[in-house]
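>>> Got a sequence here, can you build the structure:
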Amino acid sequence: MVVGICVGETSLSEVTFISDKMPKVGEYVTIEYGGKKVLGMIENLIMGNDALNVDINDFKAIQKISRLGVDDNYIRGKVKILGDVNDNLKLPRTPVLPGTEIHLADKDTLNEIFDVKNPVKLGCLVNQSDVEVNVEANPILSRHLAILAMTGAGKSNTVSVLIDQLLGYSVPVFVFDMHGEYVGASFPNGDVNVIKPKINPKYMEFYEIKKLINIPNNAVIQERHFREAFIHANEKLSAGTEKTIDFLDLMYDYLEDKSGLNDEDGKIDKSVVDVMNKINDAKLKYSKLFYQNAPNIISNIKHSHVNVLDLSQVDEYVATVLVSHILRNSLKRSKDAAHSGNKEKLMDNSVFFILEEAHILAPKKRDSDSKRWIQRIAREGRKFGLGLCLVSQSPKTVDHDALSQMNNMIILRLVEPEDQRHVQSASESLSQDLVNQLPSLNVGEAIVLGLMSKVPTLVKIDEFKGRLHGDDMDIVSHFADIKQKEEDEIKRQEEESMQMGYNY
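Take a look at the predicted model:
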């Protein structure tokens, strides 16, 4: 089917065409010239009429022309050149000749484009529902992914479809679940492993626990006492002499002996007592976070499972502590395996982390430990088998450095111009014409681009076949049910009263 004819000046990256039929933005086309079959995507369309051009300023004249009927409408569009179908989608070195016909890409050509190794099926083409869209799994896992959308655009469904597809490869997926959406979920391709948000202090690094205890960097004397207590507690636990006493209690007891509080001479070291008080304060403040019998969280990760860390009951600060703790431990474990030369162990330690509410965990305008470790995993993770997926409904507030490291993107409907600009600045392959399509996407439709896909794609994401708790609440039905129950109760009481009257 002929879509149009190339006109004007053409280039290696795009061509303009004129058509007498209305194609659709996002449709793939082919242009054959010079022994090549070049694939392109329609990115822009406009309709005009020479008789009703913008130079006519007389309303009545325009009205007369329109009433007479105008048949000389034209359609002008722009095609982005994607590459030579017969040469592994390499860009051509010569431009298209003006006057060359542009054809709608046939199904066989498109099926070949989306035939990839280790496929992850996301859905089908928006404009051709009979063509499946498969992206490649390995670039997602090693080169990171961002899933971005405004609220209600289908973000949770997209994440769930992706998770279920990855479970088919037995990939261990770890979800930082900020709202408890995945705790009671079910996935056709795997089970859910819920992990409690508990940290055993003995698995924390010195600087990590020092920050929680609130010892500032300039408090040199307090830091020295705290370090001594930290080393002492670790030695006790390593020796196996203290198995039932809490790590922080071991530190406190050591400092108490050192403080002079129990000495008869009454000489008390105030700086030691200050550290003791801070340990007590931290035990109260983080009573829901610290648990002495908790195993190392990353040791709970299971293959072929969605490993869900339920953060719905903890505050934002505790969530950032947990995220940074887990990412740091995972990177350390993978680096140790890499440096030992044990490639199989390194592969076994591979994890794909999904961070819901990425704008909270990696905020643009505020520093946090979680943000620093997210940035680090984004930069170094691919060398050590650690993948990252940032999910957010507020892209403009996600840290730009972290977002720019996401080499793959699934972008659903975005309306806010600032969100669009922020995403475009973080992605080299998101053209302005594709950005212009973001507000017009329907629920569940997305632009997919990056290393996981050979070409930018407009996709209708599949509907998730499992169960999830992230759906919108039906508030109207809830209160309508309450009203109905109240009316039924009033009616029942009236009937009982009437029945009692008859009996008398």
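
>>> quick one: pLDDT of the residue positioned nearest the centre of the chain?
The chain has residue 391 as the residue nearest its centroid, 2.3 Å off, counting by CA atoms, centre = their mean. In this model, residue 391 is scored at 97, pLDDT.

>>> Please tell me I have it right and it contacts residue 360.
No - applying CB atoms under 8 Å as the test, residue 391 and residue 360 come out as separate, 10.9 Å apart. All C-beta atoms are positioned from the backbone trio N, CA, C, and that covers glycine.

>>> for the stretch 1-150 of the chain, what are the low-confidence residue spans?
For the stretch 1-150 of the chain, the stretches with pLDDT under 70 are 51-71.

>>> Next one: residue 310 relative to residue 154, how far apart?
Here residue 310 is placed at a distance of 23 Å from residue 154 (CB to CB, to the nearest Å).

>>> If you count surrounding residues, which of those two has more?
residue 154 (24 against 19; other CB atoms under 10 Å).

>>> what's the closest non-adjacent residue to the more buried one?
Once flanking residues are discounted, residue 154 sits nearest to residue 444: 4.1 Å by CB to CB, 6 or more residues apart in numbering.

>>> how near is the one you found to residue 135?
Residue 444 is 16 Å from residue 135, where distance means CB to CB.

>>> Next: residue 479.
For residue 479, the distance to residue 135 equals 42 Å [CB to CB].

>>> The two - which one has more neighbours?
residue 135 (27 against 10).

>>> Quick check: closest non-adjacent residue to residue 193.
Of all residues apart from its sequence neighbours, residue 305 sits closest to residue 193 (CB to CB, 6+ apart), at 4.2 Å.

>>> circling back: mind listing what the residue nearest to residue 154 touches?
123, 153-154, 157-158, 412, 460-461, 463 (CB atoms under 8 Å, 6 or more residues apart in numbering).

>>> try 7 Å this time
Neighbouring residues of residue 444 by CB atoms under 7 Å, 6 or more residues apart in numbering: 154, 157, 460-461.

>>> would you put the C-alpha positions of stretch 400-409 in CSV?
Provided in CSV are the C-alpha atoms of stretch 400-409 (Å, rounded to 0.1, in the frame of the first residue of the first chain):
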residue,chain,number,x,y,z
HIS,A,400,18.6,13.5,36.2
ASP,A,401,21.9,11.6,36.7
ALA,A,402,20.1,8.4,37.6
LEU,A,403,17.5,8.8,34.9
SER,A,404,20.1,9.5,32.2
GLN,A,405,21.8,6.1,33.0
MET,A,406,18.5,4.3,32.0
ASN,A,407,19.3,3.0,28.5
ASN,A,408,15.8,1.8,28.0
MET,A,409,12.5,3.6,28.5
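
>>> So what touches it?
For stretch 400-409, contacts defined as CB under 7 Å, 6+ apart pick out 139-140, 143-146, 148, 362, 364, 374-375, 378-379, 390, 426-427, 449-452.

>>> Mind doing that once more with 8 Å?
By CB under 8 Å, 6+ apart, the list of residues contacting stretch 400-409 from outside reads 135, 139-140, 143-148, 358, 362, 364, 371, 374-375, 378-379, 388, 390, 395, 422-423, 425-427, 430, 447-453.
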